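S.K.: I'll drop the sequence and a predicted model, then ask my questions.
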Amino acid sequence: MAEMDYKAIGLRVKIARIRKGLTQEKVCELAELSSSHVSNIETGNTKVSLQTLIRIANAIGVSVDEFLCDEVKKSKHVFVEEIDRLLQDTTDEEIKIMTDVLKSLKHSLRIRLKNDEVN
């Protein structure tokens, strides 16, 4: 099994915190963690335990899935929600272009994955 990507996990913690309008200090208070520890988690400079991730998720008001979706194979729903958030402020023209790009990307990925299976 590959090493966990703690930088990606930390970035997702930071994004979730900011999206909820919380300061690092408030999360530290709610999760009963030191500010240096939360800072190190958000920058990926420490290996964070599952127990700590759960405390942070509860403090922020999100699911731990949101932090671990890059590591968990069955996390499609987290990415669908992220795509939905990204599309919230798009114009009609932007959404049309994005849809065309996504269709093309999906088609190319499926061809590549099929070729990888053959080889």
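M.R.: Structure received.

S.K.: Let me know the pLDDT of residue 72.
M.R.: What the model reports as pLDDT for residue 72 is 65.

S.K.: nope, residue 82 is what I meant
M.R.: Confidence for residue 82, expressed as pLDDT, is 84.

S.K.: now the strands for the protein?
M.R.: In the chain, no strands are defined using DSSP state E.

S.K.: Poorly predicted segments of it, please.
M.R.: Along the chain, the model assigns pLDDT under 70 to residues 1-2, 71-75, 119.

S.K.: Can you check which helix is longest in it?
M.R.: Counting by DSSP state H, the longest helix found in the chain is helix 92-118.

S.K.: Okay, buried residues for it please.
M.R.: Applying a neighbour-count criterion of 16 or more other Cβ atoms under 10 Å, helix 92-118 contains no buried positions. In this view, the C-beta of every residue, glycine as well, is placed from N, C-alpha and C.

S.K.: For this protein, which segments count as helices?
M.R.: Going by DSSP H, the chain shows helices at 6-19, 24-31, 35-42, 50-60, 65-68, 76-87, 92-118.

S.K.: tell me the angle the first one makes with helix 35-42.
M.R.: Same thing as helix 6-19. 110 degrees (axes from the mean of the first three to the mean of the last three Cα atoms, to 10 degrees).
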